[in-house]
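In: Provided below are the primary sequence and the corresponding predicted coordinates.
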Amino acid sequence: MSQKEKISIKNFEEKKFKITLSELGHDTEASFTHYLHNHKNGVSQFYKNDALKHVKSLFKYKFPEKNVSNEAAEEALQYLIFQQENVPFPAPKKPDFKFIDLFAGIGGFRLALQNLKGKCIFTSEWDKYSKQTYQANFGEIPFGDITKKSTKNYIPDGFDILCAGFPCQAFSIAGKRGGFEDTRGTLFFDVAEIIKEKKPKAIFLENVKGLRSHDKGKTLATILNVLREDLGYFIPEPKILNAKEFGVPQNRERIFIVGFRNDLKITEFEYPKPTKKKTSVNDILESEIVSVKYYLSETYIKTLRNHKARHADKGNGFGYEIISNDGIANAVVCGGMGRERNLLYDFRLKDFTPVTNIKGKVNREGIRKMTPREWARLQGFPDNYKIVVSDAQAYKQFGNSVAVPAIQATAKKIIEKLKNS
């Protein structure tokens, strides 16, 4: 084949070659984007081979008749490195520390630690819609299932902080105290395995408040025992922090677990104190009139009221709630209840013509759901954070995410300790 027939960067640009990363799948796409983000540091060596394979595969996919040389693939990588920096939240050019982001969701941990001049060198998340949001904002695709050895093999060495918002799961505790082996089959085991292998200087774990009382306290006791005794980390007593005390108007309590490798000789740690910033729902409301699709139908409101009345008769406090504009929102969570317990009065709507299929008429009481953007603000995500999925997925993603300001305040304390050590 002649030189003219070979694929080149000129073809790449002239054909407006667009990389559709979902077309090929596999972890080579994650390696590819991780390589682009780490091309200026030694971490790129972990990803380069797969990154080149991915570029070659994409060329083959788009131009099956062309011959793809290593030189062309290398040239394409350099071209794409230049392109990928144009994302809403690029990594700091001169980072102070490195971290990895497990169970990354849509990047709440990453956003917080990047704000503190941290460089994320590995991330994993299994949900395909969360991956789309993550890529749109950070220009990087997370690796997939972290329980797989093949995924763990991509984790580089030499990072400073391991971050993970792992799910709460019960352990089958064989011994009285519970140890490393007792956690097998749970996602915490995979986190512990990575800590054991990579030995980061610090760890930062987040979980639901209920972890403290889960399985009568055995779950948390086992986690702390594994981190302290089996893995060799100083773990101060975990603390429950509330997002509303860190500058966002949301009553969201989560337990934070911080740890430092024993050889660093760190023997004390103070969690961040609440900020004095006062906020209310007014601070996160949309400035423009929102779509009629967020306003509840009369039929739905009647159903909610009946449901609440039935529970009230039984002495329960369950049901919908309309939040005052000068009040604090309830925790945003997955599922309809997260939206129903954070309804608003908004009387700006003038056109009540439905734009979706609803039962009955749109209510005239001004009752509406919060929008996904308002949920993003409740979690501390800036307004230039891109929402690229359906409303249903966006509610799920922000409901599953962390409150960025609380994470950032805690991470700042961790970094200060590492610097001082």
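Out: Nice, thanks for sending it over. Numbering: from 1, shown residues only.
In: so where's the stretch 101-250 of the chain shaky on pLDDT?
Out: Where the stretch 101-250 of the chain drops to pLDDT under 70, the residues are 170-177.
In: ok, now which ones touch the closest residue in space to Lys94 that isn't next to it in sequence?
Out: Residue nearest to Lys94 in three dimensions, not counting chain neighbours: Lys117, with 7.6 Å by C-beta to C-beta, 6 or more residues apart in numbering. (C-beta placed from N, C-alpha, C; glycine too.) Neighbouring residues of Lys117 by C-beta atoms under 8 Å, 6 or more residues apart in numbering: 92, 94-97.
In: pull out the buried residues from these.
Out: Among the contacts of Lys117, those scoring as buried are 95, 97 (criterion: 16 or more other C-beta atoms under 10 Å).
In: which one among the contacts of Lys117 gets closest to Val355?
Out: Nearest to Val355 out of the contacts of Lys117 is Pro92 (C-beta to C-beta; 41.7 Å).
In: hang on, the earlier thing: what's the farthest-apart pair in the contacts of Lys117?
Out: Lys94 and Phe97 (11.3 Å).
In: need the contacts of Lys117 in a markdown table (columns: secondary structure).
Out: Below are the contacts of Lys117 laid out as a markdown table (DSSP: H, G, I helix; E, B strand; the rest coil):
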| residue | secondary structure |
| --- | --- |
| Pro92 | coil |
| Lys94 | coil |
| Pro95 | coil |
| Asp96 | coil |
| Phe97 | strand |
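In: which of the contacts of Lys117 sits closest to Gly42?
Out: Nearest to Gly42, judged by C-beta to C-beta, of the contacts of Lys117 is Pro95 at 12.9 Å.
In: with adjacent residues omitted, what lies nearest to that closest one?
Out: Leaving aside its sequence neighbours, Pro95 sits nearest to Lys119 (C-beta to C-beta, 6+ apart; 3.6 Å).
In: can you give me the distance of the one you found to Lys98?
Out: Distance, Lys119 to Lys98, by C-beta to C-beta, to the nearest Å: 5 Å.
In: and if you look at Lys412?
Out: 16 Å.
In: neighbour-wise, which of these two wins?
Out: Lys98 (21 against 15; other C-beta atoms under 10 Å).
In: pretty sure the more buried one sits in a strand.
Out: Yes: secondary structure of Lys98 (three-state DSSP): part of a strand.
In: does it really touch Gln114, like I thought?
Out: No: counting by C-beta atoms under 8 Å, Lys98 stays clear of Gln114, with 11.4 Å between them.
In: out of the contacts of Lys117, who's nearest Leu227?
Out: Taking C-beta to C-beta as the measure, Leu227 sits nearest to Phe97 out of these, at 20.3 Å.
In: for that closest one, which non-adjacent residue is closest in space?
Out: That would be Asp160: by C-beta to C-beta, 6+ apart, it lies 4.3 Å from Phe97.
In: and the one you found, what does it touch?
Out: By C-beta under 8 Å, 6+ apart, the contact set of Asp160 is 97-99, 200-202, 418.
In: can you check Ser130 too?
Out: Shown in contact with Ser130 (C-beta under 8 Å, 6+ apart): 104-106, 142, 397, 400.
In: CA atoms only for the host helix or strand of it, dumped as CSV, please.
Out: For Ser130, the host element (DSSP states H and E) is helix 128-138. Presented in CSV, the C-alpha positions along helix 128-138 are these (Å, rounded to 0.1, in the frame of the first residue of the first chain):
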residue,chain,number,x,y,z
LYS,A,128,-23.2,3.7,31.8
TYR,A,129,-25.3,6.9,32.2
SER,A,130,-23.0,8.2,35.0
LYS,A,131,-20.1,7.5,32.7
GLN,A,132,-21.7,9.8,30.0
THR,A,133,-22.0,12.6,32.5
TYR,A,134,-18.5,12.0,33.8
GLN,A,135,-17.0,12.2,30.4
ALA,A,136,-18.9,15.3,29.4
ASN,A,137,-17.5,17.2,32.4
PHE,A,138,-14.0,15.8,32.9
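In: most neighbours, which of the contacts of Ser130?
Out: Within these, Ile106 tops the neighbour count with 33 neighbours, counted by other C-beta under 10 Å.
In: distance of it from Ser124?
Out: Ile106 is 13 Å from Ser124, by C-beta to C-beta.
In: returning to what we had before: would you confirm that the residue nearest to Pro95 contacts Asp101?
Out: No: at 11.0 Å, Lys119 and Asp101 do not qualify as touching, with contact defined as C-beta under 8 Å.
In: of the two, who's got more company?
Out: Of the pair Lys119 and Asp101, Asp101 is the one with more neighbours under other C-beta under 10 Å, namely 28 against 22.
In: name the helices or strands packed onto the strand or helix carrying that one?
Out: Counting by DSSP H and E, the element that carries Asp101 is strand 97-102. Applying 3 or more C-beta pairs under 8 Å, 6 or more residues apart in numbering; DSSP states H and E, we find strand 97-102 packed against helix 108-115, strand 118-123, strand 161-164.
In: what pairs with the last one, parallel or antiparallel?
Out: The reference is to strand 161-164. Partners of strand 161-164 in the sheet, by DSSP bridges, are strand 97-102 (parallel), strand 202-208 (parallel).
In: wait, what's in contact with the closest residue to Phe109 other than its chain neighbours?
Out: In space, and not counting its chain neighbours, Phe109 is closest to Cys163: 4.3 Å by C-beta to C-beta, 6+ apart. Residues in contact with Cys163 (C-beta under 8 Å, 6+ apart) are 99-102, 109, 113, 203-205.
In: any idea how far Cys163 is from Ser124?
Out: The gap separating Cys163 from Ser124 is 11 Å, by C-beta to C-beta.
In: hey, C-alpha coordinates of stretch 210-227 in CSV?
Out: C-alpha atoms of stretch 210-227 as CSV (Å, rounded to 0.1, in the frame of the first residue of the first chain):
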residue,chain,number,x,y,z
GLY,A,210,-26.9,4.4,58.6
LEU,A,211,-23.6,2.7,58.3
ARG,A,212,-22.9,3.5,62.0
SER,A,213,-25.9,1.4,63.2
HIS,A,214,-25.9,-1.1,60.3
ASP,A,215,-26.1,-4.7,61.5
LYS,A,216,-26.0,-3.4,65.1
GLY,A,217,-22.7,-1.7,64.5
LYS,A,218,-20.9,-4.8,63.3
THR,A,219,-20.4,-3.5,59.8
LEU,A,220,-18.7,-0.3,60.8
ALA,A,221,-16.6,-2.1,63.5
THR,A,222,-15.4,-4.6,60.9
ILE,A,223,-14.4,-1.8,58.5
LEU,A,224,-12.5,0.0,61.1
ASN,A,225,-10.8,-3.2,62.3
VAL,A,226,-9.7,-4.0,58.8
LEU,A,227,-8.3,-0.6,58.1
